[in-house]
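Trainee: can't give you the sequence, but here's the structure:
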């Protein structure tokens with residue numbers, strides 16, 4: 001059984017590739033440049049790496065042909081929101097054109113709640129296009145990723161953990177590995193999951209709890225600093241809207257129901273994830 005993975009050299013796609021290989025699937029990875037270093041690593045793991053572009057339905061159709069399933073992810077963070085809209089259209093068109101048996105489409109938790117967050121709304125539009133297409137599909141919608149804290153490495157090195165959230169506001173989030181395991185489980189049980197939307201989170205620590213967990217792993221205490229939302233909004237409308245939503249409302253993943261749905265996954269807590277990371281030492 002061959003599964004095509006889009007975005008295989010990125011964080012989500014890479015985690016899906018790993019989970020699929022561990023489950024014994026043949027994996028076909030789509031990369032803009034098969035000669036790029038991360039693509040070569042995949043090839044060395046036995047992955048069939050083919051050339052393709054997320055916004056080019058013809059190349060995606062070539063990658064989908066002969067596959068039993070595909071995992072697709074879109075992104076606005078390289079070429080913008082219009083590009084992400086084009087990616088969603090191309091993916092659905094390629095799946096429809098090739099009669100793909102099962103498409104697992106990566107969205108984001110709460111994208112169906114009309115949040116007004118620009119990069120949530122692009123994914124919501126893609127979900128609607130997919131639902132109208134008739135393509136057999138499952139939407140997997142992860143919450144915040146644990147790895148996002150790596151954007152604060154400089155602050156952590158200075159003994160500070162900073163986020164634009166109240167210190168006691170729980171933040172639902174998930175490890176990329178666990179997301180990959182969910183996708184592999186969905187692909188393994190296509191009949192059960194086709195037509196469904198699954199929101200994914202592994203834990204819901206507060207920022208203060210996150211700071212404490214990172215500090216324990218790093219071997220020193222971190223001070224939590226709440227970044228004013230005004231600063232985030234001034235830096236960019238998209239991230240400003242997202243953190244306003246997270247600070248005032250937050251994701252609403254049903255964690256007990258998710259664990260009951262996927263009992264085979266030993267969900268990684270933020271504490272466990274943080275303990276396995278290498279954190280920067282104190283600045284001299």
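Mentor: Noted; the coordinates are in hand. The structure presented is a predicted model; accordingly, all values stated were derived computationally and were not measured.
Trainee: And the helices in this structure, which stretches?
Mentor: Using DSSP state H, the helices of the chain run over 11-22, 37-44, 57-64, 81-97, 118-133, 153-157, 176-188, 190-193, 207-218, 229-235, 237-248, 255-261, 270-275.
Trainee: What residues sit buried inside the fifth one?
Mentor: When neighbours are counted by 16 or more other CB atoms under 10 Å, the buried residues of helix 118-133 are found to be 118-127, 129-130, 133. No exception for glycine: its C-beta is placed from N, CA and C like everyone else's.
Trainee: circling back: turn the helices of the chain into JSON lines, columns for distance to residue 73 and mean pLDDT.
Mentor: Formatted as JSON lines, the helices of the chain follow (distance: least, CB to CB, whole Å; pLDDT from 0 to 100):
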{"stretch": "helix 11-22", "distance to residue 73": "5", "mean pLDDT": "97"}
{"stretch": "helix 37-44", "distance to residue 73": "15", "mean pLDDT": "96"}
{"stretch": "helix 57-64", "distance to residue 73": "12", "mean pLDDT": "97"}
{"stretch": "helix 81-97", "distance to residue 73": "9", "mean pLDDT": "96"}
{"stretch": "helix 118-133", "distance to residue 73": "10", "mean pLDDT": "96"}
{"stretch": "helix 153-157", "distance to residue 73": "24", "mean pLDDT": "89"}
{"stretch": "helix 176-188", "distance to residue 73": "10", "mean pLDDT": "98"}
{"stretch": "helix 190-193", "distance to residue 73": "17", "mean pLDDT": "97"}
{"stretch": "helix 207-218", "distance to residue 73": "25", "mean pLDDT": "96"}
{"stretch": "helix 229-235", "distance to residue 73": "24", "mean pLDDT": "96"}
{"stretch": "helix 237-248", "distance to residue 73": "17", "mean pLDDT": "96"}
{"stretch": "helix 255-261", "distance to residue 73": "20", "mean pLDDT": "97"}
{"stretch": "helix 270-275", "distance to residue 73": "21", "mean pLDDT": "98"}
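Trainee: Turn those into TSV, columns for distance to residue 71.
Mentor: Converted to TSV, these look like this (distance: least, CB to CB, whole Å):
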stretch	distance to residue 71
helix 11-22	5
helix 37-44	14
helix 57-64	11
helix 81-97	10
helix 118-133	13
helix 153-157	29
helix 176-188	6
helix 190-193	13
helix 207-218	28
helix 229-235	31
helix 237-248	23
helix 255-261	18
helix 270-275	22
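Trainee: Could I get the pLDDT score of residue 283?
Mentor: Here the pLDDT value assigned to residue 283 is 64.
Trainee: Kindly state which of the helices of the chain is positioned closest to residue 51.
Mentor: Set against residue 51 and scored by CB to CB, the helices of the chain come closest in helix 57-64, at 6.7 Å.
Trainee: Which strands and helices lie in contact with the closest one?
Mentor: Contacts defined by 3 or more CB pairs under 8 Å, 6 or more residues apart in numbering; DSSP states H and E place helix 57-64 against strand 2-6, strand 26-31, strand 48-51, helix 81-97.
Trainee: and among these, the most buried is which?
Mentor: A comparison of these by mean neighbour count, using mean count of other CB atoms under 10 Å, puts strand 2-6 on top with a mean of 26.
Trainee: So which elements touch that one?
Mentor: Packed next to strand 2-6, using 3+ CB pairs under 8 Å, 6+ apart, are helix 11-22, strand 26-31, helix 57-64, strand 69-73.
Trainee: Reformat those as TSV; add distance to residue 282.
Mentor: Output for these, formatted as TSV (distance: least, CB to CB, whole Å):
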stretch	distance to residue 282
helix 11-22	28
strand 26-31	38
helix 57-64	47
strand 69-73	36
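Trainee: quick one: which of these is nearest residue 225?
Mentor: With CB to CB as the measure, helix 11-22 is the member of the helices and strands packed on strand 2-6 nearest residue 225 (25.7 Å).
Trainee: quick one: the closest residue to residue 223 other than its chain neighbours from residue 60, how far?
Mentor: Once flanking residues are discounted, residue 223 sits nearest to residue 160: 5.2 Å by CB to CB, 6 or more residues apart in numbering. Applying CB to CB, to the nearest Å, the value for residue 160 to residue 60 is 43 Å.
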